[in-house]
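> 3D, please:
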Amino acid sequence: MSSLSELREMSNDQMNAVLKEACKDLFHLRIKAQTDRLDVPSEMKRNRKLIAQIKTIQREREIAQAKSAEKVAAASS
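Next up is the predicted model:
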């Protein structure tokens, strides 16, 4: 769906929406895998990878924001 560079360009709100949609899709795929046969079994792997990439980028942003807040606090002291 989205390449890593496209994900990095998204805002936090857009990324949260994509994450929510990917989690919902993964849930439905898991249910379908248990009750039926999946048309494309690799779709589950792609969704899990997308979710991991989004969470990694969100964590990177949290760390960067914390570091910038530390620098501002250190500069004002």
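> what are the boundaries of the helices in the protein?
4-9, 12-35, 42-76 (DSSP state H).
> turn those helices into TSV, including mean neighbour count and mean pLDDT.
(Each C-beta comes from the backbone N, C-alpha and C, glycine too.) Listed next are these as TSV, based on neighbours: other CB atoms under 10 Å; pLDDT from 0 to 100:
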stretch	mean neighbour count	mean pLDDT
helix 4-9	12	92
helix 12-35	13	96
helix 42-76	12	93
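> OK, contacts around the most centrally placed residue in the chain?
Against the mean C-alpha coordinate of the chain, by CA atoms, centre = their mean, the closest residue is I54 at 1.9 Å. By CB atoms under 8 Å, 6 or more residues apart in numbering, I54 lies in contact with 7, 15, 18-19, 22.
> can you tell me how far the nearest residue to R48 once chain neighbours are set aside is from R59?
Excluding the flanking residues, the one nearest R48 by CB to CB, 6 or more residues apart in numbering is L26, at 6.6 Å. Distance of L26 to R59, given as CB to CB, to the nearest Å: 19 Å.
> which phi and psi values does D36 adopt?
phi -140, psi -170 (degrees, to the nearest 10).
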